[in-house]
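K.L.:
compute the structure for the input listed below.
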Amino acid sequence: MTRSSTIPGSMSIRLRFTIALTLLGVLLFGGYAVFAYGWEVDDLRNATEREVLTLGRSLATSLGNALRDRQGADIDETLHALESLEPKIYVHVHDVDAHEIAHSKGEPVDGEVERLARRAATSAQEAIELGERRYVYAAPLTSDSGEVIGAIVVARVIDDLRADLGRTRDRLIVVVLAFVAVTLVTGILLGTAYITRPLATVLDGITHVRAGDFKSRVPLARRDEIGALTDEFNAMVATLGEARQRIDQETEARLRLERGLQDIDKMVTIGQLSAGLAHEIGSPLQVLSGRASALATRSTDPETRRQAEIL
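P.N.:
Coordinates of the predicted model:
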């Protein structure tokens with residue numbers, strides 16, 4: 001009867017090592033993925049904000065000059081050209097009272113645009129805000145003397161940026177999952193080759209020793225901790241075999257001594273029995289011999305003396 005290599009209900013060393021390595025890798029790799037995704041978000045936001053600011057300031061200058069010179073055709077031409085170049089960017093031009101003068105197609109005026117245009121015209125300061133689906137930049141339009149004559153609002157839709165971030169997130173998730181799968185498979189294969197199989201060989205050797213076989217050795221030659229364990233195990237089995245042989249020899253000698261003592265005891269018993277029997281038989285004979293001698297000496301009858309002498 002042999003023991004199983006693992007205790008029922010327990011987790012093998014191979015699986016523990018693989019899970020620990022996988023969790024460590026997920027912690028490190030996943031943490032890096034989270035930070036990388038955050039860096040990507042910040043980079044896209046900063047790049048988009050710089051893009052909106054640069055474009056908005058350039059448009060504020062050119063459209064401010066056109067509004068000052070009352071050249072509405074130039075404003076419409078600029079917006080039309082921008083629509084073909086930057087379809088994700090929409091421009092709204094307002095007068096000083098925040099009334100709309102012109103805007104890009106596809107982006108109607110809403111409450112947020114009107115609010116930012118009015119604030120830019122009133123405060124004469126630029127501002128940029130990030131909404132749920134767009135970056136919005138607002139700036140005042142001024143004349144050569146610095147008088148506010150209107151406001152411009154530039155809206156940059158960020159749906160494409162959200163899609164890029166989504167694809168980046170999906171790629172990072174796939175990479176992390178692939179790392180987990182590769183780590184699990186590699187850990188199980190390496191654990192089987194370097195831990196499970198060598199330990200199974202050692203356990204098989206232990207089973208032979210438990211069965212009383214002190215001549216078998218574990219055939220495992222490795223230059224690592226398990227190899228050192230195997231060498232020590234084989235040395236221990238050799239020592240146990242020698243000790244077992246000495247014990248067998250001493251047991252055999254003790255049995256021979258016991259058999260010799262038993263034979264001596266039997267001879268002593270027989271001698272004592274013989275001496276007792278001789279004593280018990282000799283005493284009556286001595287009495288008879290004494291009485292016969294006395295009878296032969298004292299009797300006057302020749303026949304009686306002859307029989308007494310025979311005794």
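K.L.:
what's the longest helix in this structure?
P.N.:
The helix that spans the most residues within the chain, counting by DSSP state H, is helix 225-298.
K.L.:
what does the average pLDDT come to for that helix?
P.N.:
Mean pLDDT, computed over helix 225-298, is 78.
K.L.:
tell me what it is packed against?
P.N.:
The contact analysis (3 or more C-beta pairs under 8 Å, 6 or more residues apart in numbering; DSSP states H and E) places helix 225-298 against helix 197-210, helix 302-310. Any C-beta I mention is one placed from the backbone N, CA and C, and that applies to glycine too.
K.L.:
6 Å - rerun?
P.N.:
Packing partners of helix 225-298 (3 or more C-beta pairs under 6 Å, 6 or more residues apart in numbering; DSSP states H and E): helix 302-310.
K.L.:
list the buried residues of stretch 30-37.
P.N.:
Buried residues in stretch 30-37, counted by 16 or more other C-beta atoms under 10 Å: Gly30, Ala33, Tyr37.
K.L.:
residue contacts, the last one?
P.N.:
Remark: with contacts taken as C-beta atoms under 6 Å, 6 or more residues apart in numbering, Tyr37 is in contact with Arg169, Leu172.
K.L.:
one more pass at 7 Å, please.
P.N.:
Counting by C-beta atoms under 7 Å, 6 or more residues apart in numbering, Tyr37 touches Thr168, Arg169, Leu172.
K.L.:
now, of these, which are buried?
P.N.:
In the contacts of Tyr37, burial by neighbour count holds for Thr168, Leu172, counting by 16+ other C-beta under 10 Å.
K.L.:
that older thread, helix 197-210 and the longest helix of the chain, what's the angle between them?
P.N.:
Counting by axes from the mean of the first three to the mean of the last three C-alpha atoms, to 10 degrees, helix 225-298 lies at 0 degrees to helix 197-210.
K.L.:
what segments of the stretch 101-250 of the chain are strands?
P.N.:
Per DSSP state E, counting those that start in this stretch, the stretch 101-250 of the chain carries strands over the ranges 127-130, 134-142, 148-157.
K.L.:
leaving out the residues flanking it, which one is nearest to Thr192?
P.N.:
Closest residue in space to Thr192, ignoring its immediate chain neighbours: Arg14 at 6.3 Å, by C-beta to C-beta, 6 or more residues apart in numbering.
K.L.:
is it true that that neighbour touches Thr196?
P.N.:
Yes. With contact defined as C-beta atoms under 7 Å, Arg14 reaches Thr196; the gap is 5.1 Å.
K.L.:
how long is stretch 189-197 from one end to the other?
P.N.:
Using C-alpha to C-alpha, to the nearest Å, the end-to-end distance of stretch 189-197 comes to 11 Å.
K.L.:
contacts only, for Gly187.
P.N.:
Phe17, Thr18, Leu21, Thr22.
K.L.:
sort out which one of the residues you listed lies nearest Phe233 for me.
P.N.:
Closest approach between the contacts of Gly187 and Phe233, by C-beta to C-beta: Phe17, at 21.9 Å.
K.L.:
about what we covered before: give the contact list for the residue nearest to Thr192.
P.N.:
Applying C-beta under 7 Å, 6+ apart, we find Arg14 in contact with Ile188, Gly191, Thr192, Ile195, Thr196.
K.L.:
gap between the fourth one and Leu203?
P.N.:
Meaning Ile195. Counting by C-beta to C-beta, to the nearest Å, the separation of Ile195 from Leu203 is 12 Å.
K.L.:
same thing with Arg70?
P.N.:
Counting by C-beta to C-beta, the gap from Arg70 to Leu203 is 96 Å.
K.L.:
who's more crowded, those two?
P.N.:
More crowded of Arg70 and Leu203, by other C-beta atoms under 10 Å: Leu203, with 15 against 8.
K.L.:
hmm, back to that, among the contacts of Gly187, which one lies nearest to Ile226?
P.N.:
The nearest member of the contacts of Gly187 to Ile226, counting by C-beta to C-beta, is Phe17 at 13.5 Å.
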